[in-house]
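S.K.: Pasting the sequence and the predicted model now:
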Amino acid sequence: MTPGQAQRSAVEASHALAAAGQGDLVWGHAAVRDPQGRGIWIKAPGWGLDEVREDRLQLVSWDATVLRGDGTPHKECHIHLRLLAAVPDLTCTVHTHATAAVAFAALGVPLLPLSHEGTLFGGADVPRFRATGGLVSTPALGVALAADLGAAPAALLPRHGLVAAGRTVPSAVLHAVLLERACAVQLRAAAAGEILVHSDRAEARAKRAECWPESQLEAGWHYLLRRAHGTLPPA
């Protein structure tokens with residue numbers, strides 16, 4: 001990946017998240033690792049995910065200095081800086097205030113593999129970051145978040161939102177999308193009554209491998225980009 005490709009990927013990640021319904025006015029962001037090791041490409045504060053363009057990006061260094069672009073960095077740039085610093089193989093990280101994720105996290109119950117989306121975690125519960133319900137606005141909080149996320153594809157931030165990560169841009173975005181969808185399914189099931197049926201751990205692991213290989217994450221990513229760009233074929 002070149003710096004130009006990283007910038008385009010940061011724009012596309014923002015648009016894909018917006019198309020998936022994860023926008024929150026001007027809040028939430030996706031970051032892509034700069035291939036030259038200078039830091040991250042992330043939208044400048046004040047823009048919605050659907051408004052992001054290459055000239056509305058910042059290159060933010062590992063010490064949270066804006067190297068390119070306008071304005072000051074996001075207060076929560078430490079989410080992305082610390083997650084990407086902790087795992088050199090990661091390319092992209094996402095933070096949004098996805099409604100279903102926030103609502104589900106408030107229940108304090110395990111995320112169950114009720115659906116294909118719920119098997120993303122292989123039958124284990126989704127990690128939760130509990131150090132604060134406020135902004136992840138310091139390097140120390142970013143480090144703590146990275147530790148709680150570990151090797152998981154995504155995590156809930158109770159009273160706040162979600163984070164997701166991936167070794168590719170499509171996987172990071174789809175991990176965020178799938179987590180919110182899994183939360184939404186369980187919220188609807190719980191609203192109807194007691195949850196009686198879900199995959200056991202063995203089936204959840206098998207379904208994760210079958211349903212969510214990189215090829216399927218990329219397919220979902222391309223759909224979101226078609227939707228974002230208004231190029232879906234006629235029904």
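M.R.: Done, it's in. Everything quoted here is computed from the prediction, not taken from an experiment.

S.K.: ok, now which ones touch the nearest residue to residue 99 once chain neighbours are set aside?
M.R.: In space, and not counting its chain neighbours, residue 99 is closest to residue 180: 7.8 Å by CB to CB, 6 or more residues apart in numbering. (Glycine included, C-beta is placed from N, CA and C.) Applying CB atoms under 8 Å, 6 or more residues apart in numbering, we find residue 180 in contact with 20, 22, 96, 98, 99, 100, 101, 162.

S.K.: ok, now which ones touch the first one?
M.R.: Going back to what we said before, that points to residue 20. The contact partners of residue 20, by CB under 8 Å, 6+ apart, come to 173, 176, 177, 180, 224.

S.K.: repeat for the second one
M.R.: For residue 22, the set of contacting residues under the criterion of CB under 8 Å, 6+ apart consists of 28, 49, 96, 97, 98, 176, 177, 180.

S.K.: tally of neighbours for the first one?
M.R.: Per other CB atoms under 10 Å, the neighbour tally for residue 28 reads 24.

S.K.: I figured it was touching residue 160, is that so?
M.R.: No: using CB atoms under 8 Å, residue 28 makes no contact with residue 160, being 10.9 Å away.

S.K.: which residues do the two both contact?
M.R.: Taking CB under 8 Å, 6+ apart as the criterion, residue 28 and residue 160 both touch residue 97.

S.K.: in the protein, which helix has the most residues?
M.R.: helix 169-192 (DSSP state H).

S.K.: would you put the C-alpha positions of that helix in PDB?
M.R.: C-alpha atoms of helix 169-192 as PDB (Å, rounded to 0.1, in the frame of the first residue of the first chain):
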ATOM      1  CA  VAL A 169      -9.400  -2.200   5.800                       C
ATOM      2  CA  PRO A 170     -12.400  -4.300   4.700                       C
ATOM      3  CA  SER A 171     -12.000  -6.600   7.600                       C
ATOM      4  CA  ALA A 172     -11.900  -3.800  10.200                       C
ATOM      5  CA  VAL A 173     -15.000  -2.100   8.800                       C
ATOM      6  CA  LEU A 174     -16.900  -5.400   8.500                       C
ATOM      7  CA  HIS A 175     -15.900  -6.400  12.100                       C
ATOM      8  CA  ALA A 176     -17.600  -3.100  13.300                       C
ATOM      9  CA  VAL A 177     -20.700  -3.700  11.100                       C
ATOM     10  CA  LEU A 178     -21.000  -7.400  12.100                       C
ATOM     11  CA  LEU A 179     -20.700  -6.600  15.800                       C
ATOM     12  CA  GLU A 180     -23.500  -4.000  15.700                       C
ATOM     13  CA  ARG A 181     -25.700  -6.400  13.700                       C
ATOM     14  CA  ALA A 182     -25.100  -9.200  16.300                       C
ATOM     15  CA  CYS A 183     -26.000  -6.800  19.100                       C
ATOM     16  CA  ALA A 184     -29.200  -5.800  17.200                       C
ATOM     17  CA  VAL A 185     -30.300  -9.400  16.700                       C
ATOM     18  CA  GLN A 186     -29.800 -10.200  20.400                       C
ATOM     19  CA  LEU A 187     -31.700  -7.000  21.500                       C
ATOM     20  CA  ARG A 188     -34.700  -8.000  19.300                       C
ATOM     21  CA  ALA A 189     -34.600 -11.600  20.500                       C
ATOM     22  CA  ALA A 190     -34.400 -10.500  24.200                       C
ATOM     23  CA  ALA A 191     -37.300  -8.100  23.700                       C
ATOM     24  CA  ALA A 192     -39.500 -10.900  22.500                       C
END
